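Engineer: mind folding the following:
(2 chains)
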Amino acid sequence: MTLPAFPMLTRRSALAAAAATLAWRPALAAPAADAGQADALHALNRLAFGPAPGDLERVTRLGVHDWVAEQMQPQRLALPAFLSRQLASLRTPHESQRELVQGYREMLKEAKEAKQAESASPDGKKPRTEEGAERRRQVASVALEAGEARLLQALHSPRQLEEVLVDFWFNHFNVYQGKGLDRVLVESYEREAIRPNVFGRFRTMLGATARHPAMLFYLDNWLSVAPGYQPPRRFAGGGGVAKASGLNENYAREVMELHTLGVDGGYTQRDVTELARILTGWTMRPQRGGRRRFQDDASDSGDSVFGFDPARHDNGSKTWLGHTVAPGGQAEGEFALDVLARHPATARHIAFKLARRFVADEPPRALVERLSRRFLDSDGDLRAVMQALVDSPEFRDPTPVKFKTPYQYVLSSVRATGIATTNVRPLMAQLAQLGQPLYGCQTPDGWHDTEADWLNPNAITQRVNFATALASGRLPLQRVDDPQEPARAQGLKAMERQADKALARDQPVEGATPPVDAGALLATLGPAISDKTRAAVAAAPPALRAALVLGSPDFMRR
Amino acid sequence: MHRRQLLQAAAAAGLAWTAVGRNAFAASATQAGQRLPGNQRLIVVFLRGAVDGLSVVVPYSEGAYYQQRSSIALARPGQDGGVLDLDGHFGLNPNLAPLMPLWQAKRLAFVQASGSPDPTRSHFDAQDYMESATPGRKNTPDGWLNRLLGAEPPVVLQASAGARAGVTRGISVGATLPRIWAGPNPVANIANGARATKPTLLDRPQVSKAFDSLYSGDDAMSRAYRESQQSRAEVNEAMTPAAMAQEQRVANGGAPLPNGFPDDAARLAQLMRRDPNVQIAFLALGGWDTHVNQGGAKGQLANRLQPLGQGLAELATRLGPTFDDTTILVISEFGRTVRQNGTGGTDHGHGNVMWALGGNVAGGKVHGRWPGIDTSSLYEGRDLAVTTDFRQVLAGVCAYNLGLSDRQLASVFPGFEGAPLNIAG
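Structural biologist: Okay, the predicted model is just below:
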């Protein structure tokens, strides 16, 4: 791993880019109350992260049907050069699983050696090595780049539905960046296991998550072994060293409870334990040595660290969900995932979550039934299920009944301003403050998705503060390159402190964007902003008008 | 209003005390009620992820404990890294040493083998049940702390010195409001860490004036906005920079607390001491789901317990005289397997330990019936059995420590017909 090299985008060129974006905004116009625009707004609110300047007109002109058709085939939509350039400057998206895991393990090794050297030195203090510090910076930078890659795409990619679904499915198969090895793996996990499959088959995504080291590590399956197994030697892991001598049922439980059947899906404690036995041996290959006994899986690319270790596998027969599973090595686990992916309870569970995300907190039962049938009929074809959802009369009701999550609120705010963001770190800090840190959900159930989960007193005033800071140009959303400190890996805490200051300060900050023009903002958002709010905006001091739009109750919903 | 007065009022209003069980309980509650000082507070600390209760209050005198936990058992008292003896049978995890003075002062109690009558081993269902206090029922719309806030007549509200009559404030620490607060009664939440008291743009009159006009309605968002503004004003009033600096000098000789729970606990204590209206508070902390490498006296669980113990001790200390009128409950959704798993950790189990700290807690005692951890005593052959329904403890604290009447109890714990456990002292 080496440090990422960011393009030399100076403040001036960034501002020029921002100005270019602002230039083609339509002039302030009263919202046209026609149905076409309302439908377009609805589609952009639910299937994208809200309208950016010009989106409303474009989708109205194209028609929602054709726009959705475009969104369903994201590979046909080219990424703008502005975005491609920024993504190309990130290093992590080009790293393989093996490189990432290796880099992390070396950091742990160096840290351990440094600690030993420290306690061995006469004064008990030995400065940490330069290489160690460098490695830690690299790991921190990899962790940060995951969020940068995610937010830059979510803000600026024309493949908005793909971005919305990446958020949905990552959250469904949640892993936590704060746990050991997953610090360096979430980006790889999203890139390899989630993103390629959001319009694919559920079974493929389920298998890809089951085999990815981020999940193997997060829910501990990599350590789960047949009872009585004797490890050949200590095996080093991200969270320290563990001697495995038996089952760990963490993944086996959550894959049924959260990823597939749902908690009321009809399994028992016995099924959990039996599935854990079935999945023994699904692990990460060691760095070196002992590789021979691992069976290669043709479905994984060469740099995958997944391996099935027959020596750790429990070779007894199992009774699971009414099936007798004969000894069969890795095939047992593949069979189990087949069963889970095609189970009616899974179809219902997925259908409910999609309907809750895209339609209503308490989605109509008929819709869930229909989506569930489509899931089963299409053998878990997620594009077909999404199409059924979008085509449903329940989806088409344009009432903005969904309260935005912090993620949706922050993204839709920045998109509406049209700011050509090159520094998303202040947004990462805001997400943490709003209670939804990116990749920071510690528990495997992911973030919840209803108004009751996110509407609270602190949330509203925090959002209002964020809106005011953004609209008045207090957030440093333009990258400022400091040649003295190339790509400083800034921790989230430091970012949060900076964000706190941004919410209180008056003096301009380096990298800040120009204040947002309220007229342009209102034109971008069209019917999203009510007459009542427009009147309040018009009555407010000019410097506060854009803040009122973004901080209005209207803009909290989608 | 004191409990006796409440009972008299209820009697005067012609309310019938029908259930036989409740009659029995009402009589004993009256005795407890005579000791109630009147302005009681409750703090609930939720350990999300299922803390391993057998590593908190350790049955060190039982051979089965050491047999089942070959590499994660804590040593007997007096040994290296050994537990701190509580009563000759149980010992406290040594990482919770800051709590021993409270145990010795009989202000810290435990209820071992407590938990849910529902068998679920799902974190999320079990937390939901513990927060709604309706195990097995998922469609309960509200949480029990919110129902407690709304109990009629109001229970913890007294016109005590400095409190504004009619304002009982529930405070939640954290960016979101958890299930336990769900319901119609307003609750304020404050951010974790120092942000709770830092100035923001919305503190500027010009900004707040503009936004006030947008959030003047009767919808949920407007109510939330006003609740936040109101509680912020109260927090700012109670915690001026000068007052904060004074606190800092007095406590810990000025040494800053580590980030996270100890810091939040200290801030909450200051707020509750300075603002008598804040009477019910909630904090949660995660990271207890120790499936791998749980460790013993050192290790992952130890690293979580240390700040918890320190934070609870801070909470008790900084509440000052208010601690005498406060009950702090520490709860977690279920316990973990008695036998350690194949990876040096523990999997999802059943019975657990609940903790109670406070000025009128019957401390220095491990309450509850201990079912034992021999293989034959285990729930479904693997977990600590539950001998005390968690609602017995919650309702017991509400009845005996906070002074709720039967009628109020019934509204806070709908459908619960067990006997509230008296751990008031």
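Engineer: could you point out the longest helix of chain A?
Structural biologist: Selection of the longest helix in chain A by residue count, based on DSSP state H, yields helix A:130-156.
Engineer: now the element after that helix, going C-ward?
Structural biologist: Of the helices and strands lying after helix A:130-156 in sequence (DSSP states H and E), the nearest is helix A:160-172.
Engineer: so does that following helix get close to chain B?
Structural biologist: No: in terms of CB under 8 Å from any CB of the partner chain, no part of helix A:160-172 sits within range of chain B; the closest distance is 13.9 Å. All C-beta spots, glycine's among them, are computed from the backbone N, C-alpha and C.
Engineer: and that helix, what's buried?
Structural biologist: Neighbour counts using 16 or more other CB atoms under 10 Å in any protein chain shown place A:160-172 of helix A:160-172 among the buried residues.
Engineer: for the most centrally placed residue in chain A, what are its contacts?
Structural biologist: By CA atoms, centre = their mean, the mean C-alpha position of chain A lies nearest to A:D167, the distance being 4.4 Å. Counting by CB atoms under 8 Å, 6 or more residues apart in numbering or on different chains, A:D167 touches A:A154, A:Y407.
Engineer: so where's chain B shaky on pLDDT?
Structural biologist: Across chain B, the ranges flagged by pLDDT under 70 are B:1-38, B:155-168, B:248-256.
Engineer: now do 50
Structural biologist: Confidence mapping of chain B against pLDDT under 50 gives the ranges B:1-37, B:159, B:161.
Engineer: would you map the strands across it?
Structural biologist: B:41-47, B:57-58, B:84-85, B:91-92, B:108-115, B:169-173, B:188-190, B:278-285, B:326-332, B:352-358, B:365-367, B:388-389 (DSSP state E).
Engineer: what does the fourth one rub up against?
Structural biologist: By that I understand strand B:91-92. B:56-58, B:60, B:74, B:76-77, B:82-86, B:99-100, B:103.
Engineer: likewise for the last one?
Structural biologist: Contacts of strand B:388-389 with the rest of the structure, by CB under 8 Å, 6+ apart, involve B:V111, B:A113, B:S114, B:G115, B:S116, B:P117, B:H367, B:G368, B:R369, B:F416, B:G418, B:L421.
Engineer: show the buried residues in the residues you listed.
Structural biologist: B:V111, B:A113, B:S114, B:G115, B:S116, B:H367, B:G368, B:F416, B:L421.
Engineer: may I see the residues you listed organised as JSON lines, with distance to chain A added?
Structural biologist: Formatted as JSON lines, these follow (distance: CB to the nearest CB, whole Å):
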{"residue": "B:V111", "distance to chain A": "25"}
{"residue": "B:A113", "distance to chain A": "19"}
{"residue": "B:S114", "distance to chain A": "21"}
{"residue": "B:G115", "distance to chain A": "16"}
{"residue": "B:S116", "distance to chain A": "14"}
{"residue": "B:H367", "distance to chain A": "28"}
{"residue": "B:G368", "distance to chain A": "24"}
{"residue": "B:F416", "distance to chain A": "23"}
{"residue": "B:L421", "distance to chain A": "28"}
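Engineer: tell me the one of those nearest A:W454?
Structural biologist: When the buried ones among the contacts of strand B:388-389 are compared for distance to A:W454 (CB to CB), B:S116 wins out at 26.9 Å.
Engineer: what sits closest to that closest one if chain neighbours are left out?
Structural biologist: B:P135 (4.6 Å; CB to CB, 6 or more residues apart in numbering or on different chains).
Engineer: surely the one you found touches B:D125?
Structural biologist: No: if you go by CB atoms under 8 Å, B:P135 and B:D125 don't touch, sitting 9.1 Å apart.
Engineer: give me the common contacts of the two.
Structural biologist: Residues touching both B:P135 and B:D125 (CB under 8 Å, 6+ apart) are B:D118.
Engineer: ok, whichever residue of the stretch 351-500 of chain A sits closest to chain B - contacts?
Structural biologist: Residue nearest to chain B within the stretch 351-500 of chain A (CB to the nearest CB): A:G435, separated by 2.9 Å. A:G435 is in contact with A:P406, A:W454, A:A459, B:G174, B:A175, B:T176, counting by CB under 8 Å, 6+ apart.
Engineer: setting aside sequence neighbours, what's the nearest residue to the first one?
Structural biologist: Just to be clear, that refers to A:P406. Distances taken as CB to CB, 6+ apart put A:L434 closest to A:P406, at 3.5 Å, once the chain neighbours are dropped.
Engineer: any idea of the mean pLDDT in the helix or strand that contains A:S119?
Structural biologist: For A:S119, the host element (DSSP H and E) is helix A:97-120. Confidence for helix A:97-120, expressed as mean pLDDT, is 83.
Engineer: the nearest residue to A:A193 once chain neighbours are set aside: how many residues sit nearby?
Structural biologist: With CB to CB, 6+ apart as the criterion, A:A193 has its nearest non-adjacent residue at 3.9 Å, and that residue is A:A208. Residues contacting A:A208 under the criterion other CB atoms under 10 Å in any protein chain shown number 22.
Engineer: wait, a helix at A:A208?
Structural biologist: Yes: applying DSSP: H, G, I helix; E, B strand; the rest coil, one finds A:A208 inside a helix.
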